[in-house]
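Peer 1: Generate a structure from the sequence data that follows.
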Amino acid sequence: MADSDENMRILEFVIGFVVSVLASIMYAAGLNLLKADHVKNSALPKEKQRVDCCRPLWHLGLYLYIVSQAVGSTIALNYLKTQWVAPLGSVSLIFNCIFAKMLVGTEITRRHIIGTIIVLISVCWVVFFGGQNNSHVESSLTLRSLESLITQKSFIIYFSILNILSILLFLIGGIYFDLILLNEKRKESMRYFKSIETARLKTYCGMIMATVAGLYASQTLLLAKSG
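Peer 2: Sure thing, here's the model as predicted:
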């Protein structure tokens, strides 16, 4: 009986691991297809450029991205612990470098390689040691005990701060900066942004929105696993 349970746990880990890696491949492919399509469209003369929804490559990239997040992570959460799914998603960095080189022509520098290796070492560390002391505690949680944990004061404070921060960053990066970037005259009229190069401002905006995406992604993993 013990051997059967152990074999089942190994099988669940393998299924979850494979699904997570496949989702990472789809994620990286979708993201770089979107980027490649955007670069290709931007290189065309203004009169020949098309909106996003009229470009087949954009649709392919978007659907791959959605499926990787909606389906891949959902299936992986059924077989893996929550603290494993998110780190395993970082494997997409490897495939992101590959697809970025193949599809977009991005130059892979030594810094990219070193950063990717550091992330992978961290992933291996989390996957190997994560949940060692509370194995299968998640599977024994009842609805009542889960409700008790969610309604704890510490969790409510944490969850509130997380969402307030996410909303503020979204408003700053997604709306305020976007309005400035879309209107060069408005940017020049603002004292704080006038001296900042447009390219650098776009980088700041991208970093803020990536942070927002990460914050919301962590919440979706938590809520999906709780469900």
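
Peer 1: L60 contacts A36, doesn't it?
Peer 2: No: contact between L60 and A36 fails when scored by CB atoms under 8 Å: they sit 10.4 Å apart. C-betas here are computed from N, CA, C, even on glycine.

Peer 1: So which of those two has more stuff around it?
Peer 2: More neighbours surround A36 than the other of L60 and A36, with 20 against 15 (other CB atoms under 10 Å).

Peer 1: Which residue ranges make up each domain of the protein?
Peer 2: The chain breaks down into these domains under automatic domain parsing: 1-140, 141-227.

Peer 1: which of the ones you listed sits most buried?
Peer 2: Highest mean neighbour count among these (mean count of other CB atoms under 10 Å): domain 1-140, with a mean of 15.

Peer 1: next one: phi and psi at L44?
Peer 2: Backbone torsions for L44, taken as degrees, to the nearest 10, come to phi -80, psi 160.

Peer 1: helices or strands next to whichever helix or strand M209 is part of in the packing?
Peer 2: Using DSSP states H and E, M209 sits in helix 198-226. With contacts taken as 3 or more CB pairs under 8 Å, 6 or more residues apart in numbering; DSSP states H and E, helix 198-226 sits against helix 73-79, helix 82-89, helix 153-170, helix 177-182, helix 184-189.

Peer 1: how distant is that helix from the center of its chain?
Peer 2: 7 Å (CA atoms, centre = their mean, to the nearest Å).

Peer 1: could you measure V39 against A100, distance?
Peer 2: 11 Å (CB to CB, to the nearest Å).

Peer 1: hang on, the earlier thing: make a markdown table out of the domains of the chain and add mean pLDDT.
Peer 2: Shown next, in a markdown table, are those (pLDDT from 0 to 100):
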| stretch | mean pLDDT |
| --- | --- |
| domain 1-140 | 79 |
| domain 141-227 | 77 |
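
Peer 1: quick one: the lengthiest helix in the chain to chain centroid distance?
Peer 2: Ranked by number of residues, the top helix in the chain under DSSP state H is helix 2-42. Using CA atoms, centre = their mean, the distance from the centre of helix 2-42 to the centre of the chain it belongs to is 12 Å.

Peer 1: go on, stretch 49-61?
Peer 2: 22 Å.

Peer 1: In PDB, list the C-alpha atoms belonging to that stretch.
Peer 2: Provided in PDB are the C-alpha atoms of stretch 49-61 (Å, rounded to 0.1, in the frame of the first residue of the first chain):
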ATOM      1  CA  GLN A  49       0.300  48.700 -40.900                       C
ATOM      2  CA  ARG A  50      -2.700  46.700 -39.600                       C
ATOM      3  CA  VAL A  51      -4.400  46.600 -36.200                       C
ATOM      4  CA  ASP A  52      -3.600  43.600 -34.000                       C
ATOM      5  CA  CYS A  53      -6.900  41.700 -34.500                       C
ATOM      6  CA  CYS A  54      -6.300  41.700 -38.300                       C
ATOM      7  CA  ARG A  55      -3.000  39.900 -38.100                       C
ATOM      8  CA  PRO A  56      -3.000  36.000 -38.100                       C
ATOM      9  CA  LEU A  57       0.400  35.700 -36.400                       C
ATOM     10  CA  TRP A  58      -0.800  38.000 -33.600                       C
ATOM     11  CA  HIS A  59      -3.800  35.700 -33.100                       C
ATOM     12  CA  LEU A  60      -1.600  32.600 -33.000                       C
ATOM     13  CA  GLY A  61       0.700  34.100 -30.400                       C
END
